[in-house]
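Peer 1: all I have is the shape, not the residue letters:
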């Protein structure tokens, strides 16, 4: 994709309890960035006031939210401000110093090249760097990643809770910003919303820096909550993509597979209980009637998953939007 002007790249930094790190993060942001939005999410440490008074970087704009909206709400506020000022790409990093601003170019490059609509960090790509990550967080992120693959449909992505991201403004404009989760489920919910738009998302290998910062995200406390929300998003995504927008062989495979699995399992348990009660072995026909639906149902479900994995979006959304806009402009000039 070619642009008629140098790309306007913005950085969005949600600021909540990051007073001791925020100025250092801003100082590391290079010349590639045109604008820096610091979103003071009603921070009790008044991080926004600190930046406004101590930071001399002319690119910085502090936005103070009247009430705490969570990381998702803060990022959406930054997106809106960037869109209003006609930024082309918005990069989101945290203000606690864990995300190295030197990676900004890596996150922006696939979007500028027209290869992606959305990029996100992957701390698991470099196996050597995993030694720095706490073991509990490592296992928790692995479990969350599998749940995110199911709910979002991006089977080729990992590390869903990674908040280092970049998005093209044309794609951000189409997001239902009021519906996106505002708290810790924000990053995973973003992937679900992006898939419903058929946006292309790409992982960017990165390392995290762990220092004296304190993470507010406790994996053990949110796994249950995330599981419920992932199941909800999975059901929505399947309905949107396989029944509302389109019908395919996968639209039949999933319900048939689940129905056969349920029948085989329930019938088998009931017959096993009856056989145990009567002290009589089940007949071969009974065993087949219980086992065959489970086997066939499992094959149907696996076939659906194979189809779903092959349906990961591959054509960047913002390229077609830019082309349509250029076509309208050209057509207007000809008239």
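Peer 2: Yep, it's here. In this text, all values refer to a predicted model and were calculated from it rather than measured experimentally.

Peer 1: okay, now the closest residue in space to residue 176 that isn't next to it in sequence: neighbour count?
Peer 2: Leaving aside its chain neighbours, residue 176 sits nearest to residue 193 (6.5 Å; criterion: C-beta to C-beta, 6 or more residues apart in numbering). C-beta coordinates here come from the backbone N, C-alpha and C atoms, glycine included. Residue crowding around residue 193 was assessed by other C-beta atoms under 10 Å; the count is 20.

Peer 1: residue 193 touches residue 181, doesn't it?
Peer 2: No: with contact defined as C-beta atoms under 8 Å, residue 193 does not count as touching residue 181 (9.4 Å).

Peer 1: dump the residue contacts of the nearest residue to residue 39 once chain neighbours are set aside.
Peer 2: In this structure, residue 39 finds its nearest non-sequential neighbour in residue 74, 4.2 Å apart by C-beta to C-beta, 6+ apart. Contact partners of residue 74, counting by C-beta atoms under 8 Å, 6 or more residues apart in numbering, are 14, 15, 16, 39, 41, 65.

Peer 1: all strands of the stretch 101-250 of the chain, in order?
Peer 2: Taking DSSP state E, counting those that start in this stretch to define them, one finds strands in the stretch 101-250 of the chain at 118-122, 165-168, 201-205.

Peer 1: out of these, deepest packed?
Peer 2: With neighbours taken as mean count of other C-beta atoms under 10 Å, the strands of the stretch 101-250 of the chain reach their highest mean count in strand 165-168, at a mean of 27.

Peer 1: where is the longest helix in the protein?
Peer 2: Longest helix in the chain, counting residues (DSSP state H): helix 249-278.

Peer 1: now do the buried residues in that one.
Peer 2: 250, 251, 253, 254, 256, 257, 260, 261, 264, 267, 268, 271 (16 or more other C-beta atoms under 10 Å).

Peer 1: swap in stretch 189-196?
Peer 2: Buried positions in stretch 189-196, judged by neighbour count with 16+ other C-beta under 10 Å: 189, 190, 191, 192, 193, 194, 195, 196.

Peer 1: before we move on, what about stretch 293-300?
Peer 2: 293, 294, 297, 300.

Peer 1: tell me the centre residue of this structure?
Peer 2: Taking C-alpha atoms, centre = their mean as the criterion, residue 191 is the residue nearest the geometric centre of the chain, at 3.1 Å.

Peer 1: which residue is the nearest non-sequential neighbour of that residue?
Peer 2: residue 152 (3.7 Å).

Peer 1: what is the neighbour count of the one you found?
Peer 2: By the criterion of other C-beta under 10 Å, residue 152 has 25 neighbours.

Peer 1: output the below-cut-off pLDDT ranges for the stretch 101-250 of the chain.
Peer 2: For the stretch 101-250 of the chain, applying pLDDT under 70 flags the ranges 127-134, 136-137, 209-221.

Peer 1: can you give me the helices for it?
Peer 2: Using DSSP state H, counting those that start in this stretch, the helices of the stretch 101-250 of the chain run over residues 104-112, 135-152, 169-172, 186-197, 219-239, 249-278.

Peer 1: what helices or strands is the first one leaning on?
Peer 2: What that stands for is helix 104-112. strand 9-15, strand 89-92, strand 118-122, strand 165-168, strand 201-205 (3 or more C-beta pairs under 8 Å, 6 or more residues apart in numbering; DSSP states H and E).

Peer 1: okay, now residue 40: neighbour count?
Peer 2: Residue 40 has 26 neighbouring residues, counting by other C-beta under 10 Å.

Peer 1: bridging residues for it?
Peer 2: Judged by DSSP bridges, the bridge partners of residue 40 are residue 15, residue 64.

Peer 1: who's in contact with it?
Peer 2: 15, 46, 47, 48, 49, 51, 62, 63, 64, 65.

Peer 1: repeat that for 6 Å
Peer 2: Applying C-beta atoms under 6 Å, 6 or more residues apart in numbering, we find residue 40 in contact with 15, 47, 48, 64.

Peer 1: separation between it and residue 190?
Peer 2: Per C-beta to C-beta, to the nearest Å, residue 40 is found 22 Å from residue 190.

Peer 1: among the helices of the stretch 101-250 of the chain, which comes closest to residue 85?
Peer 2: Nearest of the helices of the stretch 101-250 of the chain to residue 85, taken as C-beta to C-beta: helix 169-172 at 9.9 Å.
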